[in-house]
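Colleague: next comes the sequence, and after it the predicted model I'd like to discuss.
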Amino acid sequence: MIGDVFAYLVFFAVIAGTYALACLGLNLQWGTTGLFNVGVAGFVAVGAYTSAILTSPPSPDRLGGLAWPIVAGWVGAAVAAGVAALAVGAVTLRLRHDYLAIATFGIAVTIQLLAMNLVPLTGGPFGIHGVPRPFTGVVASPLGRNVAYVALVGALVAAVYAALERLVASPWGRVLRGIREDEAAAAALGKSAAMFRLQAFVLGAMAMGLAGAVYAHFIGFVAPEDFLSILTFQVWTMLVVGGSGNNRGAIAGAFAVWALWSASGAALTAVLPQELQARSAALQTVLIGVVLAAVLLVRPRGLLGEATVVSRHARPK
Amino acid sequence: MIGLQDLANGVMLGATIGLGAVGLTLTYSILGFANFAHGELITGGAYAALTLLWLLTAAAGWGLGQWGALSFGGPFVVLLVVAMGLTAALALGLERALFRPLRRRGTMIGLVIASFGASLALRSLVAFAWGPEPHYFTREISMAREVLPGVRVTADQLFVLALTAALMVGLHRLLTRTTLGRAMRAMSENPALLAVTGIEPAAVARWTCVIGGSLAAVAGVLIGLTVQVRPLLGFDLLLPLFAAVILGGVGSVYGALAGSLIVGLAEALAVPLIGAEYRAAVAFLVLIAVLVLRPAGLTGARP
């Protein structure tokens, strides 16, 4: 019993950590820079599929299957998501901000479409199986492998967090916040808003791509239905609940909302009659939607909220 | 090979996109945000009419009726009108509970994510309540007849075209000839100045929701009649809707209609070339092309 609880907690922490990576990426885009990305699921999918294609063993019915090392797959995942963001961002970031929302929504739909139909590369609705799991052959027991994986995910989240904290506190990060608050003022100081926006957008998308790869190598396969718009919405809710503009908030939000999601799923399974079980995910979505709307209306700064001073030079001693 | 039939299909598709896009462009410019829940208003209209039909069939033995070559008659028009009312009420409910409080706080982008969430929640509710499987208004097959050499359309499709055209003329008269229409256009230009003239902006916002919701319901019911009713009906239209709205220039009714025809034609003409499974990507390509080449849209209304 205790063992089961521990095994579940490890599983929970891996998934929540994966969400935290994507949420940190979104925090750089939206929380810091004010970029409205409605295509989170698309960038996560690009990362997951890229790493799956690069690292899975060769297969006769599908292109890819390069059997590269996992690390190369993860780097490739971040790079591919970044390239996708570069392409969308270059077109839309100079326009009104809500056009970015619509364009990123479009790219997520298109990526979903490609994952579903580009069968020779993505395996279509069946996805790609046999994505290698790290620590296979090093750690014997499945639980041991999951424990090792949770440590790896924790280290990644910590590394991305530390890097983003540094970036946001740096002059570069202050320019991003400046652009978010008053683009004209930032431009008057000689900062190219479009360029800074593009950099933040690409970096954020790379974190999302990495999250996708981390997820794929934990579950062992990727399929199109893992990257529907519900994923985008979950990550957004995590950021809003945790506190937009605060990296610790992004991580806390990921764990809190994923806990709520898992608990509501378990509760619905226990309460709903058998014939409605298959539809219980729909009610979970409604619940998360209500939570998001409530936080937006009642406590828009979220659990932690944004610090008003980020520069270590300006902090009161 | 692209034939006249593909062109006809494109025009039909454009007409149904147009009903949704005109409502979306109005709410976009008058309420000032991209409403991602607009697709669910379309879905809502279709399910409202369908459920009403089920109820009336069970209670009073109603059918869809029969008008000449059409697959429906008077009862269907009743369903359509009631669905318009119910969907307008849904749009008003969203405005009252979610959008207006957020607009008061001045977080325009919070509105967009809230509408994204509302869209997902409504879609999930529909899937929960009615199930994921498609439903049909009628099991009867509507016979297509040759109207031009090589072009076959059903009487229902012609009805869709005629109704869309009539609604657009009506909407144009409303916007140009009535006080409400002038107030709506004024609100999209300058809400503060509108309030100075003694018109309540909140009332204009409500009427905008009613008009947008009613048109969305018509789109949903007509798609339900000519294709099928399913939970993703409106969501799958959202990308073509946005492409049409931006292509036409946000806020322009005729622009949205022209944009819808272009998107509809592009989708219908691309299907023989790239296959039906990539149809949704066509709207995305149109959208990106507009954003690169002419971000203000065809009418160039606003940057």
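Modeller: On my side now, so go ahead. Numbering: from 1, shown residues only, chains lettered A, B, ... in the order given.
Colleague: ok, residues contacting the helix or strand A:A259 falls within?
Modeller: Here A:A259, judged by DSSP states H and E, is contained in helix A:247-271. Contact with helix A:247-271 is made by A:12, A:15-17, A:19-20, A:22-24, A:26-27, A:31, A:157, A:161, A:164-165, A:168, A:234-235, A:237-243, A:277, A:280-281, A:283-284, A:287-288, A:291, A:302-306, as judged by CB atoms under 8 Å, 6 or more residues apart in numbering or on different chains. The way it works is simple: take the backbone N, C-alpha and C, and place the C-beta from them, glycine included.
Colleague: of those residues, buried ones?
Modeller: A:15-17, A:19-20, A:22-24, A:26-27, A:31, A:157, A:161, A:164, A:168, A:234-235, A:237-243, A:280, A:283-284, A:287-288, A:291, A:302-304, A:306 (16 or more other CB atoms under 10 Å in any protein chain shown).
Colleague: roughly how far does A:S244 sit from chain B?
Modeller: To chain B, A:S244 is 10 Å away according to CB to the nearest CB, to the nearest Å.
Colleague: can you read off the pLDDT for residue 173?
Modeller: In the absence of a named chain, chain A is used. At A:G173, the model reports a pLDDT of 88.
Colleague: that's the other chain; I wanted chain B
Modeller: 89.
Colleague: what's near enough to touch it?
Modeller: By CB under 8 Å, 6+ apart, the contact list for B:R173 reads B:G181.
Colleague: sort out which residues of whatever helix or strand it lives in are buried, please.
Modeller: Assigned by DSSP H and E, B:R173 belongs to helix B:155-177. Judged by neighbour count using 16+ other CB under 10 Å, the buried positions of helix B:155-177 are B:155-157, B:159-161, B:163-164, B:167-168, B:171, B:174-175.
Colleague: as CSV, these with distance to A:Y149 would be great.
Modeller: Output for the buried residues of helix B:155-177, formatted as CSV (distance: CB to CB, whole Å):
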residue, distance to A:Y149
B:A155, 61
B:D156, 56
B:Q157, 55
B:F159, 59
B:V160, 54
B:L161, 58
B:L163, 58
B:T164, 55
B:L167, 57
B:M168, 57
B:L171, 57
B:L174, 61
B:L175, 59
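Colleague: show me what contacts A:A48?
Modeller: A:A48 sits next to A:A77, A:G212, A:A213, A:Y215, A:A216, A:V222, A:D226, A:F227 when contact means CB under 8 Å, 6+ apart.
Colleague: could you redo the last one with a cut-off of 6 Å?
Modeller: By CB atoms under 6 Å, 6 or more residues apart in numbering or on different chains, the residues touching A:A48 are A:G212, A:Y215, A:A216, A:V222.
Colleague: helices and strands of the chain: which one has the lowest mean pLDDT?
Modeller: Since no chain was named, I'll use chain A. The helix or strand of chain A with the poorest confidence is helix A:280-298; it has a mean of 81 (mean pLDDT, DSSP states H and E).
Colleague: you looked at the wrong chain, it should be chain B
Modeller: strand B:144-148 (a mean of 72).
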